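Undergrad: using only what follows, build the 3D model:
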Amino acid sequence: MRKADTQTPRVALTEIQSAFVASEARYPLFRGAIRSGKTVAGAVRSIARRYQWPGTWQLIGGPSWDQLRDATLTTLLGLLHPRCVAEHNHVEHRITLDNGSGFVLRSLSDPDSLRGPEWHDIWIDEVAYCGEDAFQVALGRISRPGPDGFRHSLWATTTPRGMDFTRNVWGESGQGEYAVYHATIRDNARNLPAGLIESLERRYQGTPFFDQELLGRYTAFEGLVYPMFTGPRPAPCALEECVRVVAGVDWGGITPTALILVGERASGRAHVYAELARPGLGLAEVGQQLAAWSARRKLDLVACDGSEPVAIATLRAAGFPAVAADKSRETGIRLVQERLGGEPPGLTVDSECRALVGEFGEYVWSERRIGATMVRSDTPVDHHADCLDALRYAVMALGQARPLERVALPSGRLVLAYGRARPGTPAARPSERRLPGYMGGR
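TA: Predicted coordinates:
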């Protein structure tokens, strides 16, 4: 077998994929529907450029390591001939090719992790889910000196997310060096199993996600559950100054596990200070995040999806005030709506909470047919709402949270104990039980 044969990925590219791979634009975007072949196009362009320019190195980024491992890396390795891989370092997630070029894979959940190293090229898969901060930092990292004639490039592949930031950067059809290649699911029909497209069309038909998921279009969703949300705002005060701090936890699996941190001021206004949302997030990682938040300010309550009682019990044993959340969807949505309303709003969201902000723009009421008329129901479409579920648990918990107070025991010893419930909430008896992990003292 000739070496040239091993360097060329054996895959039948569509016309749109081929144009994207060969694009001479510095910042091309492949915007496509699910299963439109966008990740394949990104991987083929990556391999082609690494062999066109021996000895050059490329960063491959995505919204989470799980997404990179399960989709991006799997696609890349499936296209690379085994003889092309000189070394695959599974610890550092680095692939060295037989011509001295290579790839390094990194999660972009923390954009600051990009600072420092320089790269010849960067590919961001599912860029709409990474956020604009990660994209802007990445732009400044394609600066590693290359061979004569080399021109740095950053390309991205994604399915749109509502009216996400890529529309402002690339526009609908591209602008200058920011070229756009758009594909629907049917543009990749020849590479998909028989019947898959029809099955997905039946699933999404009549929903507001048809255009986004199957046509790859930007979508200004109608019937938003939270139309009063106007975008992120800076924190009004430090977390440590809040009189109540709660966390909401929505367990995932294939879908992300989501954690939301909410602090409430004496005025009753609240702010979402932080989030963590990632598929495959383990209980140990959840505990580590809660511990990190607790180090800033002790959590008054951790309201968890009650579907995992063992996980809740484990968190309680570790010293966290974890309880099964009140999951009354209708009541919870109403409370969040009431807090979001007004000016200034009674609930604000930090700009660092990119996943939560994105979900606000996609969370819509479902519709049902009555005769020939589609009528909006009182149930939301359950689509990418993990952070919003966690937020709902946290907001419901604010009414139940009891502050930690120093209580004098008969012996005179001072310990931390749960204080009284907030006015208007179910009565709570002060407890003299020492909280796990608290050493007490005068």
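Undergrad: got a list of what residue 178 touches?
TA: Contacts of residue 178 were listed using CB atoms under 8 Å, 6 or more residues apart in numbering, and they are 25, 27-29, 169-171. Glycine gets a C-beta too; all of them are placed from N, C-alpha and C.
Undergrad: go again using 6 Å as the cut-off
TA: Applying CB atoms under 6 Å, 6 or more residues apart in numbering, we find residue 178 in contact with 27, 170.
Undergrad: per-residue confidence at it?
TA: We have a pLDDT of 97 for residue 178.
Undergrad: ok, what's across the strand from it?
TA: residue 175 (DSSP bridges).
Undergrad: tell me how many other residues surround residue 34.
TA: Residue 34 is flanked by 15 other residues according to other CB atoms under 10 Å.
Undergrad: roughly how far apart are it and residue 331?
TA: 33 Å (CB to CB, to the nearest Å).
Undergrad: name the helix or strand for residue 169, please.
TA: Assigned by DSSP states H and E, residue 169 belongs to helix 166-170.
Undergrad: what helices and strands are in contact with that helix?
TA: Helix 166-170 sits against no helix or strand, with contacts defined as 3 or more CB pairs under 6 Å, 6 or more residues apart in numbering; DSSP states H and E.
Undergrad: so which bits of that helix are buried?
TA: Across helix 166-170, burial judged by 16 or more other CB atoms under 10 Å covers 166, 169-170.
Undergrad: same list (the residues you listed) but as JSON lines, adding distance to residue 92 and pLDDT.
TA: Compiled in JSON lines, the buried residues of helix 166-170 are given as follows (distance: CB to CB, whole Å; pLDDT from 0 to 100):
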{"residue": "166", "distance to residue 92": "29", "pLDDT": "93"}
{"residue": "169", "distance to residue 92": "30", "pLDDT": "94"}
{"residue": "170", "distance to residue 92": "32", "pLDDT": "96"}
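Undergrad: is the closest residue to residue 173 other than its chain neighbours in a helix, a strand, or coil?
TA: Of all residues not flanking residue 173 in the chain, residue 180 sits nearest, at 5.6 Å (CB to CB, 6 or more residues apart in numbering). Three-state assignment for residue 180 (DSSP: H, G, I helix; E, B strand; the rest coil): strand.
Undergrad: how many neighbours does residue 180 have?
TA: 19.
Undergrad: surely it meets residue 169?
TA: No. If you go by CB atoms under 6 Å, residue 180 and residue 169 don't touch, sitting 10.0 Å apart.
Undergrad: how far does stretch 66-81 sit from its chain's centre?
TA: Centroid displacement of stretch 66-81 relative to its chain, using CA atoms, centre = their mean, to the nearest Å, is 19 Å.
Undergrad: just stretch 297-307 next, same as before
TA: Counting by CA atoms, centre = their mean, stretch 297-307 is centred 21 Å from the centre of its parent chain.
Undergrad: which residues touch residue 385?
TA: Counted by CB under 6 Å, 6+ apart, residue 385 has contacts 359, 363.
Undergrad: do residue 30 as well
TA: With CB under 6 Å, 6+ apart, residue 30 has these contacts: 20, 38, 41, 157, 181.
Undergrad: now do stretch 324-337: everything it contacts.
TA: By CB under 6 Å, 6+ apart, stretch 324-337 touches 303-304, 306, 392-393, 395-396.
Undergrad: inside strands: which ones of those residues?
TA: Residues from the contacts of stretch 324-337 lying in strands, with DSSP state E as the criterion: 303-304.
Undergrad: out of the contacts of stretch 324-337, which are buried?
TA: Neighbour-count burial (16+ other CB under 10 Å) applied to the contacts of stretch 324-337 gives 303-304, 392-393, 395-396.
Undergrad: check what pLDDT the residue minimising distance to the centre of the chain gets.
TA: Of all residues in the chain, the one closest to the mean position by CA atoms, centre = their mean is residue 355, 4.3 Å from it. Per-residue confidence (pLDDT) for residue 355: 86.
Undergrad: my guess is residue 149 is in a helix, correct?
TA: No. Using three-state DSSP, the secondary structure at residue 149 is coil, not a helix.
Undergrad: around it, how many other residues sit close by?
TA: Neighbours of residue 149 under the rule other CB under 10 Å: 6.
Undergrad: over to residue 145?
TA: Using other CB under 10 Å, the number of residues around residue 145 comes to 8.
Undergrad: where does it land in three-state SS?
TA: Assigned by three-state DSSP, the conformation of residue 145 is coil.
Undergrad: cool, and residue 95?
TA: strand.
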